[in-house]
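Asker: Sequence plus predicted model, see below.
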Amino acid sequence: MSDPMAEIRASFFIECEELLESLQDGLQLMDDGDTDSETINIVFRAVHSIKGGAGAFGLDDLVHFAHRFETAMDEVRAGRFSPDAEAIRLFFACADILADLVRAARDGDQVDDGITGPVLENLDKLVGLEEEEEEDLDFTPATLSLDFGDGGTLPDLPELPDVSALPSTDAADDALPALDMPVPAPDTDIPPMAEPECKGFSVKFKPEDALYASGNEPLYLFRALRDLGDISVICHCEDLPQLDSLNPDTGHLSWDMTIHTEEPEQAVREVFEFVDGLCLLEINALTGDQDGTSSSEHTPISPAPEISPPPQVETAPSLPENAASTRVDAAKPSATKDTTKKLGEAKDEQSTQAKAAATPTQPRATVRVDLERIDRLVNLVGELVINQAMLSQSVAEAGLPPNSPVSTGLEEFLQLTRDIQESVMMIRAQPIKSLFQRMGRIVREASASVGKEVRLRTDGENTEVDKTVIERLADPLTHMIRNAVDHGLESTEKRLEAGKSREGHVTLTAQHRSGRIVIEVTDDGGGINRERVKEKAIQKGLIPADAQLSDSDIDNLLFLPGFSTAAEVSNLSGRGVGMDVVKSSIQALGGRINITSQEGKGTTFSISLPLTLAVLDGMVVRVAGETLVVPLNAILETLTLTDEDLTALGPETHVVQIRGGFVPLLDLGAELGYRTPQDSYVGGTVLLIGQEDGNRAALAVDSIEDQRQVVIKGLEGSYGRVPGIAAATILGDGQIALILDPTDLVGQATGRTRVRQPQQLLVG
Amino acid sequence: MSLEVLAVDDSRTMRDMLNLALSSAGFTAHLAEDGIHGLEVLKDLNPDVIITDINMPRMDGFGFINAVRAEPKWSRIPILVLTTESAAELKAKARSAGATGWIVKPFDPAKLVKALQMVAG
């Protein structure tokens, strides 16, 4: 709160992200053939607004790029240039660079000129604009520097002339800097008048009716002039008609003024900038004998306590009514009136503002809330869910009949709790759109780098996903998209040979499905070449040469560490990140990933994710008298061990035979130090855990209690990271249970016991 | 003298800045997001001066000025147009729509205040 400008700056960058989003949307529409002027306007406006804000913060790189981009878009907007596909591609590239510049400005980084330069050149060439010289920029970034530091007032701000204190002009004059109105208008053709001997000007001023119609008020102009120096004014009211023939919309007054000032004529002209063309205006430098102050017929403004209006003014409302009243009141009373009005209305204003804020037609009413506060709320709701579960259990144990008021009340409580939980989770949820838009750029860059024509289609961008999930999905999704462009889609020639469209398609969809988010990346490429995948896997020693694998087994080989199908690693996907890393990132989010592929038709990668990271589907198990929760997504299957299943490799090392493969057996109780390894596990229950590297392990437990949703309570805040443990939860009976991190646990255990996992067991 | 100002701009950043500059100068700032919103806000207000952006969704600045001028009780309210360019045609267009004057963005708060005083006392 201490620095309002810093806050506005932060909010500017948030707004930029939104603007970049609508920029992408607009360009996408244009790319799809939309030539609607509002679409073009959206694009223009986005760039324009970014430029506007950037200018205020002195972000010059951003301003200059945005300005050029805006200029090009303005050509489109004005209908002077109709963009073709190539132009729109370039616009997309500009949008990408603009996004880079925004983020660079936000993070204090730099964007390489080598990237922006060529794009800008192309842009200017394309739109047929000569490269603008810096001087030609009529947009001059003027950094806004407000030092609101302590008092919340503008220190440099001139004291506002209080109209009621009109006579004491000297103070106001001193406080007000030379009038330096908006920006010297380059279009007003004013010769620089710098006559050193000139000590003032005579001004003839006759407003036309249009001056009043535009809301201008001569009085204020005189006041502004007064700030330049001593001024005397003569009002000509000879033209004023009789009251009965007076037209209130017609001005009849004109003024002659003499102003004594050291300021140049430019300063005087600037006072009349707004009324230029709306009045007869003559400004002449004073010569000695013209010195107006000596003239007794002048009515000096400054020394007089009031702007003494000629009496006629009072009776002749030749001026606009409200202006006239101000005038008749001779400023002083009007100010007092205003002040009292302000005081009296202060309350009303607040309610007006509140009303305005709540107006339903407002585009999108949003409240910005600190993420921390939301997380606190999420946490509290977690507590509520636990509390409710405990209460339910107590009620059940008390043996109350199901139709008792307590039971029915509890039922409602249960429903409400669920609703509240969902609503709170929704606060953290965001449309996945921002993520999808980033993928648009990935596709553009990837397709350019491998020389394929690719179009990204998206569907379900408004599907809402937890903010953290969105953030952590960016990397795996980027990799998958690159993969789809690089490996999934065939080259243009091959596509044409196969009778497909020249342009390859990558489709990105998101949808809610049975309490989870399903994101699919589909390409219409050649599908997985299973022969080659298998060959490669054998060659790499990942599977035995005689392995009998189903199609889906082969497809899943792609998730093995270090697997790469490209004959030579391309500079695009071959960045040392394989699908194995993608899979582990997805699993870390509690998700699963699947592949389906059809030869000649394409491949679909399907990611299924929990809606939130705050709750988890877990299996409640008992081992060595302890209750533990194992995340459901890690469990492939559960089984009861028979004698035949078990093979002892050593005194403490067993493997379980599952459908012809061997899986190491881990005693969960022993791994967590609850007990020493058992002599026999025959008849025991094991959970088959799927590892992200494709390996599996069997976890021996005593019994399976339940399968339920649990609220995740972090442990790291209190205990630091505990190996093998992901978090904790509170069960319905109030008992605290640890949530396992099976991957970590198995990884540690297998690392310690050095059980080398037989490679042929990888696929199952 | 404290002025009551209605500022209309679709950019949140710009609204924040106007609000800051205006309230720091002791003015009362009312904010609206576009022309239509501006007209709604105006219904319950009698501002001393209006500041409006030009390029806005739904109803742009020209449309807004026209609508304000068309209503007799608002027809004399001074209106300053916020513009990034000081292009002559833009000013001419703003004026023919009924604007009183203009402020070039990015604005210097002191100049903004000065311009407001010029049109509204």
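Answerer: Nice, thanks for sending it over.

Asker: does A:His64 count as helix, strand or coil?
Answerer: Reduced to three states with DSSP: H, G, I helix; E, B strand; the rest coil, the structure at A:His64 is helix.

Asker: State the distance from it to A:Ile50.
Answerer: Taking C-beta to C-beta, to the nearest Å as the measure, A:His64 falls 12 Å from A:Ile50. Every residue, glycine included, has its C-beta placed from N, CA and C.

Asker: Just give me the neighbour total for the residue of the stretch 251-400 of chain A found nearest chain B.
Answerer: Per C-beta to the nearest C-beta, A:Phe274 is where the stretch 251-400 of chain A lies closest to chain B, at 3.5 Å. Other residues near A:Phe274 number 27, with proximity taken as other C-beta atoms under 10 Å in any protein chain shown.

Asker: what's the answer for A:Leu219, then?
Answerer: A:Leu219 has 19 neighbours, counted by other C-beta under 10 Å.

Asker: Surely it forms part of a helix?
Answerer: Yes: the assignment for A:Leu219 by three-state DSSP puts it in a helix.

Asker: just checking, it touches B:Met118?
Answerer: No: counting by C-beta atoms under 8 Å, B:Met118 is not a contact partner of A:Leu219; they are 10.6 Å apart.

Asker: where's the nearest residue to A:Asn122 once chain neighbours are set aside, which helix or strand?
Answerer: Excluding the flanking residues, the one nearest A:Asn122 by C-beta to C-beta, 6 or more residues apart in numbering or on different chains is A:Leu90, at 5.7 Å. Using DSSP states H and E, A:Leu90 sits in helix A:85-107.

Asker: buried sites along that helix?
Answerer: Going by neighbour count (16 or more other C-beta atoms under 10 Å in any protein chain shown), the buried part of helix A:85-107 is A:87-102, A:104-106.

Asker: higher neighbour count, A:His64 and A:Ile50?
Answerer: Neighbour tally, A:His64 and A:Ile50, criterion other C-beta under 10 Å: the higher count belongs to A:Ile50, 30 against 20.

Asker: That one in helix, strand or coil?
Answerer: helix.

Asker: Compute the distance between it and A:Leu126, please.
Answerer: As judged by C-beta to C-beta, A:Ile50 and A:Leu126 stand 20 Å apart.

Asker: Name the helix or strand of chain B that has the lowest mean pLDDT.
Answerer: Least confident helix or strand, chain B: helix B:88-97 with a mean of 76, by mean pLDDT, DSSP states H and E.

Asker: If you count neighbours, what's buried in that one?
Answerer: Buried-residue list, helix B:88-97, by 16+ other C-beta under 10 Å: B:90-91, B:93-95, B:97.

Asker: can you narrow those to ones near chain A?
Answerer: Applying C-beta under 8 Å from any C-beta of the partner chain to the buried residues of helix B:88-97, one finds that B:91, B:95 fall near chain A.

Asker: Pull the residues that contact the least confident helix or strand of chain B.
Answerer: Here helix B:88-97 makes contact (C-beta atoms under 8 Å, 6 or more residues apart in numbering or on different chains) with A:185-187, A:214, A:277-278, B:54, B:61-62, B:65-66, B:69, B:81, B:83, B:102.

Asker: Apply the buried test to the residues you listed and list what passes.
Answerer: Buried members of the contacts of helix B:88-97, counted by 16+ other C-beta under 10 Å: A:185, A:214, A:278, B:54, B:61-62, B:65, B:69, B:81, B:83, B:102.

Asker: what is the mean pLDDT for the helix holding A:Leu90?
Answerer: Mean pLDDT, helix A:85-107: 88.

Asker: contacting residues around that helix?
Answerer: So helix A:85-107 is contacted by A:13, A:16-17, A:20, A:23-24, A:27, A:30-31, A:43, A:47, A:50, A:54, A:57, A:59, A:61-62, A:65-66, A:69, A:72-73, A:81, A:83, A:109-111, A:115-116, A:119, A:122-123, A:126-127, A:440-441, A:444-445 (C-beta under 8 Å, 6+ apart).

Asker: now stretch A:33-50
Answerer: A:15-16, A:19-20, A:22-23, A:25-27, A:29-30, A:62, A:66, A:69-70, A:73-74, A:76-77, A:82, A:91, A:98, A:102, B:10-11, B:13-14, B:55-57, B:84.

Asker: Can you show me the strands along the stretch 651-764 of chain A?
Answerer: For the stretch 651-764 of chain A, applying DSSP state E, counting those that start in this stretch gives strands covering A:654-658, A:661-667, A:685-690, A:696-701, A:703-711, A:725-730, A:736-740.

Asker: How many neighbouring residues does A:Ala6 have?
Answerer: With other C-beta under 10 Å as criterion, A:Ala6 counts 10.
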